[in-house]
Structures are given as structure tokens and as C-alpha cells.
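Chemist: Give the three-dimensional model of this entry:
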Amino acid sequence: MLASAQQVLAEKGVEGFSLRETARRAGVSAAAPKHHFADTRALLTSLASMAFRELANRLEAADRSARSRQNCIRAQGVAYVRFALDNPSLFDLMWRATLLDLDNADLIFEKERSFAVLDRRVRGRQTEPVSHTDPAMAPTIACWSLVHGFARMALDGAFGVGLKMAREAAKTLLPDVLDLLVTRDLLS
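Modeler: Numbering: from 1, shown residues only. As a prediction, the model looks like this:
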């Protein structure tokens, strides 16, 4: 069911997603998804959890790929944008709070895990966890906002129409954008 749901989401986007089409592609009756998922929200929440898990895995791999703190943060930024461009429909779904069960334990865990990878690098591994709205989070939120905004702009056509143009912008422009984090002493 999840593989079929991911295919439907990738082809039709969040707005065109259909539980009936997902069941058809999975080769089961239209009622069969109810045996595994209470409703469409539960299925989409499961997909979003999987997406956050994959994002966290990519951020962790990027974090291990560089030595200095600034290079790790840059590598995470590139990984974040690449994830968005590789999975535009999943990326869109991840931020559609109205479509998801925000109390789902798996979703909460994976969202926090992906955020924590960045936060540990920005604020330090020994830093105490605080609310996302605590002023101590400002550097982490700034980094996240920058890469999320870049990814969203790329997907929305700010750098030209289509994924080819978005990937080109990520390749040529994103490194300079990420360097502004260091230039502004945000990460010093």
C-alpha cells in the first residue's frame, strides 16, 4: 500500500492523491486500505513519517561527510535541498499539517530526529534541548529557514520552470547562499 501510495503521490501530487487509486495500483479492493490505515490521513501520515526518516538519514550522512562544523552544515543544507528536489511530492506532503495526524508518534519522532541532526551541529552536541520557539534556537531556525526557503523556491519555479532548472540553481547558487551563513557570523 505504501509503495502504491508513494507512486500516486509522485505522479498526481498532494492535491490529486486518491486512496481509491492507491488501492487499484496495489491490486486490492477499494475497501482494503481500511485494514491497514484508518483513513487517508493515516496513510499520508505514514508516508510523511517515511519521508522525514529518509531526510534524517540523508542529513546524518551529510553530517558525517565533512570535518568542520561549517562544512557539515553546508553539506546538510545541500542534502536537504537535494532531498526536496528528488522527492517534490513527498516534500510537499511533509509540510501539509492539515493533511497529517500531528499527534502520530512515528511522525513526531522522525520530524524531531531530522531537526535534531541540524540542531546538534549548529548549537553543539552538548546543548540542552529547548523549545523551537526559544531564542536560543535562532541560529538553528535561521539555517533551516534558509535551506527550506531555497528548496521551496526551487520547487515553485523561482529559478525557472521544471526540476532541471531547480537542480541547476541548487548546483550553481546554493553553495553561495550557504556561504552567507558563515559570512554573517551566524555559525562562528
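Chemist: switch to C-alpha atoms for all contacts and neighbour counts from now on
Modeler: Will do.
Chemist: Stretch 53-69 - what's its average pLDDT?
Modeler: In this model, stretch 53-69 has an average pLDDT of 93.
Chemist: which parts of it are buried?
Modeler: The neighbour-count check on stretch 53-69 (16 or more other C-alpha atoms under 10 Å) flags Arg53, Leu55, Ala56, Asn57, Arg58, Leu59, Glu60, Ala62, Asp63 as buried.
Chemist: wait, the fifth one sits on Gly77?
Modeler: No - contact between Arg58 and Gly77 fails when scored by C-alpha atoms under 8 Å: they sit 10.3 Å apart.
Chemist: Would you mind giving the domain segments of the chain?
Modeler: Domains of the chain are assigned by automatic domain parsing as 1-36, 39-183.
Chemist: What does the pLDDT read for the residue located most distally from the centre of the chain?
Modeler: Distance from the C-alpha centroid of the chain, by C-alpha atoms, centre = their mean, peaks at Ser29 (31.5 Å). Reading off the confidence values, Ser29 has pLDDT 80.
Chemist: now Thr183
Modeler: On pLDDT, Thr183 comes in at 53.
Chemist: chain center to stretch 46-56: distance?
Modeler: In terms of C-alpha atoms, centre = their mean, to the nearest Å, the centre of stretch 46-56 is found 8 Å from the chain centre.
Chemist: residue contacts, Gly160?
Modeler: Ala154, Ala166 (C-alpha atoms under 8 Å, 6 or more residues apart in numbering).
Chemist: at 10 Å what do you get?
Modeler: By C-alpha atoms under 10 Å, 6 or more residues apart in numbering, Gly160 lies in contact with Met153, Ala154, Ala166, Glu168, Ala169.
Chemist: go on, Met1?
Modeler: Per C-alpha under 10 Å, 6+ apart, neighbours of Met1: 7, 19, 22-28, 32-33, 36-37, 43.
Chemist: So for those residues, which is the shakiest by pLDDT?
Modeler: Pro33 (72).
Chemist: And for the closest residue to it other than its chain neighbours, the neighbour number?
Modeler: Ranked by C-alpha to C-alpha, 6 or more residues apart in numbering and with sequence neighbours excluded, the top spatial neighbour of Pro33 is Ala23, at 6.6 Å. Using other C-alpha atoms under 10 Å, Ala23 is surrounded by 19 other residues.
Chemist: Next, work out how far apart Ala23 and Ser49 are.
Modeler: Counting by C-alpha to C-alpha, to the nearest Å, the gap from Ala23 to Ser49 is 20 Å.
Chemist: try Arg74
Modeler: Taking C-alpha to C-alpha, one finds Arg74 at 24 Å from Ser49.
Chemist: How about Pro175?
Modeler: Distance, Pro175 to Ser49, using C-alpha to C-alpha: 28 Å.
Chemist: Show me what the one helix or strand in the chain whose mean pLDDT sits lowest is packed up against.
Modeler: Least confident helix or strand of the chain, by mean pLDDT, DSSP states H and E, is helix 174-183 with a mean of 82. When contacts are defined as 3 or more C-alpha pairs under 10 Å, 6 or more residues apart in numbering; DSSP states H and E, helix 174-183 packs onto helix 69-86, helix 138-155, helix 163-172.
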